[in-house]
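*Asks:* okay, structure incoming, though there's no sequence with it:
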DNA sequence: AATTTCATGTAATTCGTTACATGATTCC
DNA sequence: GGAATCATGTAACGAATTACATGAAATT
């Protein structure tokens, strides 16, 4: 019952799987740690957590998240609430992870799925990546068709906007190609037609993603918007 | 009264400024012609049109959009409704076009603004482009900071997702740089500190956007989703 | 004649935000 | 002791979707 959002639910479950957290911290992770995620507000997050608890996927635990356990024995007036994944919650997340349906390749949903690829089985990863790619290729077809149809009638700016949009999509397709290729490369070792693809959670072995020069520079500034 | 959405309202006004249309056609233009626009549904579009009519910015006219004017004299049972911009509507759109506030540089809003740059004054264009760029640069700062802070603790996939996300943003910044530069190049001719930048609607002269090789191939297929 | 595409709408529902209200903890 | 940040929530609202309902025009 109560079909909560999908993407938020999924991300919360995924983050809590790694370690228990309270709502505030969860929100920060949602905004920053994961790639694309837009900032969910508390007005969205807390009610969602309630629902997940009601479904038996999470349990609320009083404080003691980091080190404020010292004051915990004093009268329990409004302690922090730490959320922890239950066994049922873990199983539910596992099920969500294994679904590779058409929902999984829409923009935001895809990003969420990708963010938890580390805990996803290889064949599911493949289906999601390939699904996403063909979704984008469809989109490209439409863009090209529409561009060919309207061309001439559009001013330079509209044209430039479309060109840039198409280029972005083409770029993502190339990215997916690299990823798919490197997934395939990671597979090999005498694969029979039906090797059941063992999950390789936290086993250090990922087959190696494509290399890119990462240009990051340290700069601690505030991280909360507004 | 009734503060309808902003982006849809803006786009509808902008499209109708070019020529009167009925709702169905309007929706197609919204999905295809403009670059990024997601598909608004009829459930969104029609009520919005009603509001715009109520505000006096549009008027509804019976049929005769293309060539079905022949049957128009017969009893007027449920004719197509063609929407036309009123003078008040034109003025309102003009006002919206001149606003270059912080709303204008959010993702979708920016795309909508850019799509109508052909009817926007040059100094407004500049402010919007520069606003957008600094918005993205802020975002980059946060991403870099968060990446530097978390690094190591993240698995390869999460890292790769962030890397790709950042690269996309960097790429858009470069695009904006090109656009800004070419706007500046188009300005020149002895510009005093305060030249009032004439609007150059449909006057063929745009100063020239940066050149790119457009790889488009014709392919008429269906354009309606689902 | 039947199907598809064009065309217009409404009601219920979903997803999420803003603004509000409250309180605890940490830093200065 | 006052400000900033951490922390948890709720109520009202907003934007847009889905599913539904209807009907006209064009195509086969």
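*Replies:* That came through, no problem. All values reported here derive from a predicted model rather than from experimental measurement. Residues are numbered from 1 along each chain as shown, chains lettered A, B, ... in the order given.

*Asks:* got the buried residues for stretch A:41-48?
*Replies:* A:45, A:48 (16 or more other Cβ atoms under 10 Å in any protein chain shown). (Glycine included, C-beta is placed from N, CA and C.)

*Asks:* show me the helices in chain A, by range?
*Replies:* A:7-18, A:23-31, A:42-54, A:87-98, A:107-115, A:122-150, A:156-187 (DSSP state H).

*Asks:* and residue A:81, which of those helices is closest to it?
*Replies:* helix A:23-31 (6.9 Å; Cβ to Cβ).

*Asks:* in that closest one, what's buried?
*Replies:* For helix A:23-31, a neighbour-count test (16+ other Cβ under 10 Å) marks A:23, A:25-27, A:29-31 as buried.

*Asks:* ditto for stretch A:136-151
*Replies:* Residues A:136, A:139, A:142-147 are the ones in stretch A:136-151 that count as buried (16+ other Cβ under 10 Å).

*Asks:* could you see whether chain B lies near that stretch?
*Replies:* Yes. Shown here: stretch A:136-151 in contact with chain B (Cβ under 8 Å from any Cβ of the partner chain) through A:141-142, A:144-151.

*Asks:* where does that stretch sit relative to the chain's centre, distance-wise?
*Replies:* 28 Å (Cα atoms, centre = their mean, to the nearest Å).

*Asks:* quick check: the gap between residue A:43 and residue B:119.
*Replies:* 38 Å (Cβ to Cβ, to the nearest Å).

*Asks:* repeat for residue A:24
*Replies:* Applying Cβ to Cβ to residue A:24 and residue B:119 gives a distance of 45 Å.

*Asks:* how's chain A carved up into domains?
*Replies:* The record assigns chain A these domain ranges, following automatic domain parsing: A:7-67+A:77-102, A:121-187.

*Asks:* from residue A:82, how far out is residue A:52?
*Replies:* 14 Å.

*Asks:* swap in residue A:178?
*Replies:* Look at residue A:178 and residue A:82: by Cβ to Cβ, they are 39 Å apart.

*Asks:* then residue A:40?
*Replies:* 19 Å.

*Asks:* which of these two has more neighbours?
*Replies:* Using other Cβ atoms under 10 Å in any protein chain shown as the criterion, residue A:40 and residue A:82 rank with residue A:82 on top: 21 against 18.

*Asks:* where does chain A dip in pLDDT?
*Replies:* Low-confidence segments of chain A, defined by pLDDT under 70: A:1-5, A:33, A:35-37, A:63-79, A:188-208, A:211, A:213-226.

*Asks:* for DNA strand C, what's its nearest residue on chain A.
*Replies:* Relative to DNA strand C, the nearest point of chain A is residue A:43 (2.4 Å; Cβ to the nearest atom of the strand).

*Asks:* list the contacts for the nearest residue to residue A:133 once chain neighbours are set aside?
*Replies:* Leaving aside its sequence neighbours, residue A:133 sits nearest to residue A:176 (Cβ to Cβ, 6 or more residues apart in numbering or on different chains; 4.4 Å). By Cβ atoms under 8 Å, 6 or more residues apart in numbering or on different chains, the residues touching residue A:176 are A:129, A:132-133, A:136.

*Asks:* any idea how far DNA strand D is from residue A:176?
*Replies:* 24 Å (Cβ to the nearest atom of the strand, to the nearest Å).

*Asks:* for residue A:178, same thing?
*Replies:* Counting by Cβ to the nearest atom of the strand, the gap from residue A:178 to DNA strand D is 31 Å.

*Asks:* quick one: that residue and residue A:184 touch, right?
*Replies:* No. Using Cβ atoms under 8 Å, residue A:178 makes no contact with residue A:184, being 10.8 Å away.

*Asks:* any common contacting residues for those two?
*Replies:* By Cβ under 8 Å, 6+ apart, no residue touches both residue A:178 and residue A:184.

*Asks:* can you pull up the most central residue in chain A?
*Replies:* The centre of chain A sits closest to residue A:112, judged by Cα atoms, centre = their mean, with a distance of 1.7 Å.

*Asks:* list the contacts for it?
*Replies:* Here residue A:112 is in contact with A:7, A:10-11, A:14, A:34, A:37 (Cβ under 8 Å, 6+ apart).

*Asks:* turn these into CSV, columns for distance to residue B:18.
*Replies:* Formatted as CSV, the contacts of residue A:112 follow (distance: Cβ to Cβ, whole Å):
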residue, distance to residue B:18
A:7, 37
A:10, 42
A:11, 41
A:14, 46
A:34, 41
A:37, 37
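
*Asks:* quick one: is stretch A:6-24 near chain B?
*Replies:* No. Using Cβ under 8 Å from any Cβ, we find that stretch A:6-24 stays clear of chain B, coming within 9.5 Å at best.

*Asks:* could you do stretch A:114-121 as well?
*Replies:* Yes. Using Cβ under 8 Å from any Cβ, stretch A:114-121 reaches chain B at A:114-118.

*Asks:* check stretch A:96-110 too.
*Replies:* No. Between stretch A:96-110 and chain B, judged by Cβ under 8 Å from any Cβ, nothing touches; the nearest distance is 9.5 Å.

*Asks:* now tell me what touches that stretch from outside.
*Replies:* A:6-7, A:10, A:13, A:36-38, A:113, A:116, A:119-121, A:124, A:127-128, A:131-132, A:135.

*Asks:* at 6 Å instead, please
*Replies:* The contact list for stretch A:96-110, computed with Cβ atoms under 6 Å, 6 or more residues apart in numbering or on different chains, reads A:7, A:10, A:113, A:120, A:124, A:127-128, A:131-132, A:135.

*Asks:* centre of the chain to that stretch, how far?
*Replies:* With Cα atoms, centre = their mean, you get 9 Å for stretch A:96-110.

*Asks:* go through it and flag the buried ones.
*Replies:* A:96-97, A:100, A:104-105, A:109-110.

*Asks:* measure that stretch end to end?
*Replies:* 13 Å (Cα to Cα, to the nearest Å).

*Asks:* hmm, that stretch touching DNA strand D?
*Replies:* No. Stretch A:96-110 stays clear of DNA strand D (Cβ under 7 Å from any atom of the strand), getting no nearer than 9.9 Å.
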